[in-house]
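Participant: Sequence isn't available, so here's the structure alone:
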DNA sequence: TGTTAGCACTCTCTTTTAATGAGTGCTAAC
DNA sequence: GTTAGCACTCATTAAAAGAGAGTGCTAACA
């Protein structure tokens, strides 16, 4: 790969990204003045094709980049674009706009990214926090009805109403609270060991249901951990891409987006720390091999907790989008850590 | 409209719904033995066209139903189909499957409807309950930090952490709780009058912040009322419909589905009590005039709170889908009222 | 008077054929 | 090593021809 080959490859990709049309030697000679004639460029392109970086849709068409070509381009030929002032401001503003609502925050981030890139944006939200339990309380609602409240160290509140067979005496209430508090406080709901609680429940004559409810509540929190935590925004941008004028392709890609397992697997922060670029076949999903995904993880106080990304056709403006994704992930990390 | 005209109209619609192809006189004569020749049917069809119930895409094509035709069909020619045993079981089972999680419940209902109809399903969720406040409590977390908890008559729990300048004495805590309880209990958060609370806050020397936080919490609940509460499921089914082989149409419809204002307006239970069928232009949205929406409202203890519906092409299996939508809305009403 | 067979006519859809043109690969000259 | 020239390939577009489905109308029939 001498310097001129690199220039030609870069030219092919730039032009193809902009036009979505196979790029011919004449076009390159005209637009990107490399100081050589089309014929020379033809020779270089022939070499590049032999190397697998570009390919022809058919004889007598221009060249388009292969996945391998994009990969080389991303790894060696580009520099991440810095986000423009205007866009940078927009990002900051919109984050402010989401207020202190957590849910809204993630949705805004996703929406902003999708708007700025004109592609589908994907957000893998952090798992529910699993800080250890701090406080357990029983709040009387009506004679036989109580609200069981559990609060973790980081002030997340979980609650569940429960119904007893007979009312708790005031001192019984305090006693129960004390038992629950001593059994549960300091424990982590994610890795909760039910045996101790089960044992206590079995030794109880009355109020056994109370402990069972507590277990239910913990169980439901545990269950939520595995819940889908993927947001997708701007799916419709896919329809704007010329590579998706074929309805079948659209259907496949939208199907993958709707059943978010694939995305979650791929973008789980463990699988994709930092900035990742998946190009075409690297997504190892047949129906997605005309797509690329660019993602960046974000963190809370240095700990990676989720990631945000962009899904578009392999023919993507990589320098720009990598810049945007990284910028937004940084902004998110900053705000989340502060909050 | 004599009996035979009705039969012909029914035949045209049945066949068109099944095949998505314009229906010719010969087809009807063969498939639906009305005991007359194609020529006679041609005459009837000519009349039906004059009446505006069917139309020709072009000369020398068969007929397709017009919106007016579908309307007549729905109003006069069909009986709602009763849901088959298997499907009925499925509906009950899947509702059980959603457990006691409210959110999951609505999502399941939506998913089931979409799966059974092979169309997009729409759910307008109930507004957040606005039952009057029953219980207000302050729970100590750390010396200066407290959790403000408000519970309504129907056991919805709202909470907010708050930080005070100095710790509350135990009797102060009880005193505060008592004030809050007496000021707020019985009131409705939706129509909350802030003046009383404001006055108390102003008269306080310490702990003023506490009341301000309480107002914040009520305000945020109030704010949530207006939030989008529309679920959509099975959007992709639209791509299966032959009328949407045109990408432009797909884009328009998906756009409407993504910006759910239109749907919310239309399906707000006030606008659409009971079962509603909107056909084509009745949707009064140009990009939707090839679509129909069938919806049914559901209720809690007799009070209509939301609705669920199906969006598909005007060429829809009305008897079946009306049956399914009504069945599911009834199931929802039953379960919600029970719960 | 209502029904039906027959037939010419219309219009879409498909296939065929031809024309266009962008782009390559190769050869030979510089 | 670079470049001009040229024959060749192949997708795309346009035009033309053919097939087929379905109608509307007319005239005959019960």
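Facilitator: Yep, it's here. Since this is a predicted model, take the numbers as computed values, not measurements. Numbering: from 1, shown residues only, chains lettered A, B, ... in the order given.

Participant: Outline the domain layout of chain A.
Facilitator: Following automatic domain parsing, one finds the domains of chain A at A:3-77, A:85-126+A:229-338, A:133-225.

Participant: Helices of the stretch 1-150 of chain A, start to end?
Facilitator: A:3-19, A:25-31, A:38-51, A:67-72, A:85-97, A:102-117 (DSSP state H, counting those that start in this stretch).

Participant: got JSON lines for the ones you listed, with mean neighbour count and mean pLDDT too?
Facilitator: The way it works is simple: take the backbone N, C-alpha and C, and place the C-beta from them, glycine included. What follows is those, written out as JSON lines (neighbours: other Cβ atoms under 10 Å in any protein chain shown; pLDDT from 0 to 100):
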{"stretch": "helix A:3-19", "mean neighbour count": "19", "mean pLDDT": "96"}
{"stretch": "helix A:25-31", "mean neighbour count": "17", "mean pLDDT": "94"}
{"stretch": "helix A:38-51", "mean neighbour count": "17", "mean pLDDT": "96"}
{"stretch": "helix A:67-72", "mean neighbour count": "21", "mean pLDDT": "98"}
{"stretch": "helix A:85-97", "mean neighbour count": "13", "mean pLDDT": "84"}
{"stretch": "helix A:102-117", "mean neighbour count": "20", "mean pLDDT": "90"}
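
Participant: Now for the one residue in the stretch 1-150 of chain A that gets nearest to DNA strand C: which residues touch it?
Facilitator: Nearest residue of the stretch 1-150 of chain A to DNA strand C, counting by Cβ to the nearest atom of the strand: residue A:24, 3.0 Å away. Each residue near residue A:24 by Cβ atoms under 8 Å, 6 or more residues apart in numbering or on different chains is listed here: A:38, A:62, A:63.

Participant: what's the spacing between it and residue A:44?
Facilitator: 13 Å (Cβ to Cβ, to the nearest Å).

Participant: Touching the helix or strand of chain A with the lowest mean pLDDT from outside, list them.
Facilitator: Lowest mean confidence among the helices and strands of chain A (mean pLDDT, DSSP states H and E): helix A:208-225, at a mean of 76. Residues from elsewhere that reach helix A:208-225, judged by Cβ under 8 Å, 6+ apart: A:127-128, A:130, A:136, A:138, A:146, A:148, A:150, A:158-160, A:162-165, A:176, A:180, A:184, A:189-190, A:192, A:194, A:197-198, A:200-202, A:204, B:101.

Participant: now, which of those lie within strands?
Facilitator: Taking DSSP state E, the ones among the contacts of helix A:208-225 that sit in strands are A:136, A:138, A:146, A:148, A:150, A:158, A:159, A:160, A:162, A:163.

Participant: can you redo those as a markdown table with pLDDT, distance to DNA strand C and neighbour count?
Facilitator: Formatted as a markdown table, the ones in strands among the contacts of helix A:208-225 follow (pLDDT from 0 to 100; distance: Cβ to the nearest atom of the strand, whole Å; neighbours: other Cβ atoms under 10 Å in any protein chain shown):
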| residue | pLDDT | distance to DNA strand C | neighbour count |
| --- | --- | --- | --- |
| A:136 | 90 | 69 | 22 |
| A:138 | 89 | 70 | 20 |
| A:146 | 87 | 68 | 23 |
| A:148 | 87 | 65 | 22 |
| A:150 | 88 | 64 | 22 |
| A:158 | 85 | 59 | 19 |
| A:159 | 85 | 60 | 18 |
| A:160 | 83 | 60 | 18 |
| A:162 | 81 | 64 | 19 |
| A:163 | 81 | 64 | 12 |
